[in-house]
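Participant: let me see the structure of the following:
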Amino acid sequence: MQNHYTIRATVSSSSRNDIDDGASNNIRLDVVSGRVMATHIGCGLRSYICHVRVSAENAPPSEVDGDLQTIREDLRQKYEGTLFHDGELPSGLPPSRHVEHAIDLVSTETPHRPPYRLSYEELDELKKQLDYLLDRGLIRPSSSPFGAPVLFAPKKDGGLRLCLDYRALNKITMKNRYPLPRIEDQIDRLVGSKYFTKLDLRWGYWQIRVRDGDQYKTAISTRYGAYEFMVMPFGLCNAPATFQRLMNDILRPYLDKCVVVYLDDILIYSKTLDAHRHHIEQVFETIVKNGLTAKYSKCEVMRRDVRFLGYEIDGDGIRPDRRHLRAVTEWPTPRCVSELRSFLGMTNWLRRFIPSYSKICSPLTDLLKEDMGYSWGADQNLAFESLKSALVDPPLLKIFDRTVATKIQHDSSGFAVAGVLLQLYDKNCIGSLFEGVEAPPASIPVPGRLNVSTGNVPVSGTMDLGYFSPLLCLDLPLI
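Facilitator: Take a look at the predicted model:
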């Protein structure tokens, strides 16, 4: 927990230059109250107000941190060449497994599109990537009646990413409804954990074979000929389901015990250092046994804090990944409904960190209604700026712990109901999540909803508990 102080820094030398490092100025630092500081400034004396806090970045490394670094290096050396591959993509196909990517069609159509027109730069990159994939046996020349065009998207580093336009094929593909895990369920499993290891599987989709006999359906048409994939390419509608199924099957003995998996992101979590070392060995050996590989430079091994699924997580709780918040706080004013939907989609994902979210954004959601014209006014602008301000410094939230005393606080207005889930730590109530919904015109008891009174407001409603419901179904110690 950080300690905060109010400091008055008085410069007593004749030179009234800005404070640098104190080498040339006689500086006196005093801890004073706000009232004394106001008096001091009111007298016309030059002062500097400093905000002092404990900085983990400048603190000397602890013995535990040293141990983690040693363990980290030992693991890298032990699994170099088996789990970790930082060099070129290995040649040859991945091992044959019980899960392969199947493409079952609901139509006898054979969709084929001619190649898109590409720039000289894109054609050079296309030839380079096709040669790379051919050399490693991941694609082969094709005479398939199918054909998807290719295009390129810019990368953050200035390079070009090859994209395959499988929209026509996806339209006639029987959909695989294998469920992807809910992100909030993944986060809830991390309660009490102090040590984390995140693996990002390298070339994730290319580590799964296409079912024999289905390769011709993946054919792509290019200026340099037609090719079909031997491994699962990006862009197929059922690819995420296939990958999630493989990861669940491989890591099933450890799921929700010390591992959570979302597609190619694997997070190992533990409450103690010794337990984490044991969990890492178990999971690493399982992954190696199944012939999967990761890139060490993209992994985070033996950490006390980690970024995972858009959150920053440590032993104290979670907060949004601050790298993504800048996109929200710098979002330009939406000019149409589609731009507003994009903005609200981003803030809705972060709503657990925003008190009274539904109440704040009500003027914005009103613009999404069909009978409302898109008229941006003062109310909408205030709501827009309020949401951005709320995410400038979002609160650190505790991950819900079912063994800790729990309290629900709620409030309501004529159009919204809001609540916060609090838990008692060292006699202090700390938030686990915020939730809010628009209030209906009448209270109708609904299973899984919290019936709340709106006090003097002439409406009452039900609050859809959302995240609350599965948590409150437990035998919790409520306060």
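Participant: CA only for contacts and neighbour counts going forward, please
Facilitator: Fine.
Participant: so the closest residue to Tyr178 other than its chain neighbours versus Arg136, what's the distance?
Facilitator: Nearest residue to Tyr178, sequence neighbours excluded (Cα to Cα, 6 or more residues apart in numbering): Ala241, at 5.3 Å. From Ala241 across to Arg136, the span is 25 Å (Cα to Cα, to the nearest Å).
Participant: those two - which one has more neighbours?
Facilitator: Ala241 (17 against 14; other Cα atoms under 10 Å).
Participant: can you name the residues that contact that one?
Facilitator: Residues in contact with Ala241 (Cα atoms under 8 Å, 6 or more residues apart in numbering) are 176-180.
Participant: how would you label it: helix, strand or coil?
Facilitator: Secondary structure for Ala241, judged by DSSP: H, G, I helix; E, B strand; the rest coil, is helix.
Participant: number of nearby residues for the nearest residue to Thr222 once chain neighbours are set aside?
Facilitator: Nearest-residue entry for Thr222: Pro115, 5.2 Å, with adjacent residues in sequence omitted and distances by Cα to Cα, 6+ apart. Pro115: 18 surrounding residues under other Cα under 10 Å.
Participant: surely Pro115 touches Ser221?
Facilitator: Yes - if you go by Cα atoms under 8 Å, Pro115 and Ser221 touch, sitting 5.6 Å apart.
Participant: find residues that contact each of the two.
Facilitator: Common neighbours of Pro115 and Ser221 (Cα under 8 Å, 6+ apart) are 148-150.
Participant: and which of the contacts of Ala241 is nearest Arg211?
Facilitator: Asn176 (14.6 Å; Cα to Cα).
Participant: state the distance from the residue lying closest to Pro141 once chain neighbours are set aside to Leu93.
Facilitator: Spatial nearest neighbour of Pro141, chain neighbours left out: Tyr227 (4.4 Å); criterion: Cα to Cα, 6+ apart. Separation of Tyr227 from Leu93 (Cα to Cα): 16 Å.
Participant: between these two, which one's more packed in?
Facilitator: A direct count of neighbours by other Cα under 10 Å for Tyr227 and Leu93 places Tyr227 higher, at 23 against 16.
Participant: so what sits opposite the more buried one in the bridge?
Facilitator: For Tyr227, the beta-bridge partners are Pro141, Ile220 (DSSP bridges).
Participant: surely it touches Gly137?
Facilitator: No - assessed by Cα under 8 Å, Tyr227 is found out of contact with Gly137, at 11.4 Å.
Participant: what lies in contact with stretch 259-273?
Facilitator: Outside of stretch 259-273, the residues within contact range by Cα under 8 Å, 6+ apart are 180-181, 183, 186, 189-190, 192-201, 204, 240, 243-244, 247-248, 251, 255, 258, 276, 279-280, 308.
Participant: ditto for stretch 88-98
Facilitator: 135-138, 206-209, 230-231, 290-291.
Participant: show me the contacts for Pro363.
Facilitator: 379-380, 383.
Participant: now do 6 Å
Facilitator: Gln380 (Cα atoms under 6 Å, 6 or more residues apart in numbering).
Participant: just Thr70 next, same as before
Facilitator: Applying Cα under 6 Å, 6+ apart to Thr70 gives no contacts.
Participant: what pLDDT is listed against it?
Facilitator: Here the pLDDT value assigned to Thr70 is 90.
Participant: check which helix or strand covers it.
Facilitator: helix 63-79 (DSSP states H and E).
Participant: now that helix: buried residues?
Facilitator: Residues of helix 63-79 classed as buried under the neighbour-count rule (16 or more other Cα atoms under 10 Å) are 68, 72, 75, 79.
Participant: distance of the third one relative to His324?
Facilitator: Computed as Cα to Cα, the Leu75 to His324 distance reads 30 Å.
Participant: do the first one as well
Facilitator: Applying Cα to Cα, one obtains 28 Å for the distance of Leu68 from His324.
Participant: what's the answer for the second one, then?
Facilitator: From Arg72 across to His324, the span is 28 Å (Cα to Cα).
Participant: how about Gly137?
Facilitator: 37 Å.
Participant: higher neighbour count, the two?
Facilitator: Gly137 (16 against 12).
Participant: show me the shaky parts of the stretch 351-479 of the chain.
Facilitator: 403-479 (pLDDT under 70).
Participant: let's have the buried residues of helix 63-79 in CSV, adding distance to Met302.
Facilitator: Converted to CSV, these look like this (distance: Cα to Cα, whole Å):
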residue, distance to Met302
Leu68, 6
Arg72, 6
Leu75, 9
Tyr79, 14
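Participant: which phi and psi does the residue nearest in space to the middle of the chain have?
Facilitator: The centre of the chain sits closest to Gly310, judged by Cα atoms, centre = their mean, with a distance of 1.6 Å. Per-residue torsions, Gly310: phi 90, psi 10 (degrees, to the nearest 10).
Participant: Pro154: neighbouring residues, count only.
Facilitator: For Pro154, using other Cα under 10 Å, the count is 10.
Participant: grab the nearest non-local neighbour of it.
Facilitator: Nearest to Pro154 is Leu160, by Cα to Cα, 6+ apart, at 4.8 Å.
Participant: contact partners for the one you found?
Facilitator: Taking Cα under 6 Å, 6+ apart, we find Leu160 in contact with 152-154.
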